[in-house]
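> Sequence plus the predicted model coming up.
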Amino acid sequence: MTTLTDLAQLPVLDDDARRLLFTEARTANTFSPEPISDETLASIWELAKWPPTMANTQPLRVLFVRTPEGKERLVPLMSEGNQAKTAAAPVTAILAADVDFHEFIPEIFPIRPEMKDHFEAAGADAREPQARFNSALQAGYFLLAARAHGLATGPMLGYDAAGIDAEFFAGTAHKTVLVVNLGHAGEDAYFPRQPRLGHEDVISWA
């Protein structure tokens, strides 16, 4: 079987795929009650795990909250404007950065196993910015993977991060970086599309 790494030129996504992942992708604010299967949630991660992180460190950790008990713990820790939609979404993913990501380096970056000792000596305060940056990259990959599975996504930054860490990640080195509602879009799910910056505001050449 020919793989992408065997090709001199990579294939190009068609317009339908680009619309699904980018140009028509929106943040959903309401969700239908249709449940999302374990298999779908696992498959999202199986897709999201492949894009790059620094030295393949993969610090993102995912907690899927979907039981009534889990939602009762989470919803009060969301900002007021995010509480109702978090309660209604069939699944809410808490995406967290594992500050102890270095523990896995001998397994996932075997060409440089000594990097584990380097990061251990550097300490948690030095590791945390790298964990947060790379997990933020992975959070973007996670959103695209969820969309690729036909799900609407509702990423949110309005929450009590310290409260979520204490409630769900006590005794770990996990730090919340994003909370994402997942499911199928409900009634009036999308706000009007807001403008995007143009080339002249973003792009320069050297």
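Sure, I can see it.
> hey, where'd the strands end up in the chain?
Remark: strands assigned in the chain by DSSP state E are 60-65, 91-98, 152-156, 174-183.
> Indicate which one of those is closest to residue 49.
Closest to residue 49 of those, according to Cβ to Cβ: strand 60-65, at 8.5 Å. Bear in mind the C-beta positions are built from the backbone N, C-alpha and C, glycine included.
> May I have the strands that pair with the closest one, each with its orientation?
Strand 60-65 has the following strand partners under DSSP bridges: strand 91-98 (antiparallel).
> and the partner strand with strand 152-156, angle?
50 degrees (axes from the mean of the first three to the mean of the last three Cα atoms, to 10 degrees).
> what is the mean pLDDT for strand 91-98?
The average of the pLDDT scores along strand 91-98 is 98.
> Using CSV, list the CA coordinates for it.
Output of strand 91-98 as CSV, limited to C-alpha atoms (Å, rounded to 0.1, in the frame of the first residue of the first chain):
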residue,chain,number,x,y,z
VAL,A,91,-20.4,15.3,25.9
THR,A,92,-18.0,17.9,27.3
ALA,A,93,-14.2,17.3,26.8
ILE,A,94,-11.9,18.9,29.3
LEU,A,95,-8.5,19.3,27.6
ALA,A,96,-5.6,19.5,29.9
ALA,A,97,-1.8,19.9,29.7
ASP,A,98,0.2,17.2,31.6
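> In that strand, which residues are buried?
91-98 (16 or more other Cβ atoms under 10 Å).
> With stretch 82-91 instead?
Those would be 82-83, 85-86, 88-91, for stretch 82-91 by 16+ other Cβ under 10 Å.
> Pipe those into TSV and attach distance to residue 64 per row.
Formatted as TSV, the buried residues of stretch 82-91 follow (distance: Cβ to Cβ, whole Å):
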residue	distance to residue 64
82	17
83	18
85	16
86	13
88	16
89	11
90	10
91	6
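> export the strands of the chain to TSV and tack on distance to residue 117?
Output for those, formatted as TSV (distance: least, Cβ to Cβ, whole Å):
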stretch	distance to residue 117
strand 60-65	22
strand 91-98	18
strand 152-156	35
strand 174-183	22
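> tally of neighbours for residue 60?
Using other Cβ atoms under 10 Å, residue 60 has 26 neighbouring residues.
> from what I can see it touches residue 138, true?
Yes. Taking Cβ atoms under 8 Å as the definition, residue 60 is a contact partner of residue 138 at 3.7 Å.
> which residues are in contact with both of those two?
Residues touching both residue 60 and residue 138 by Cβ atoms under 8 Å, 6 or more residues apart in numbering: residue 95.
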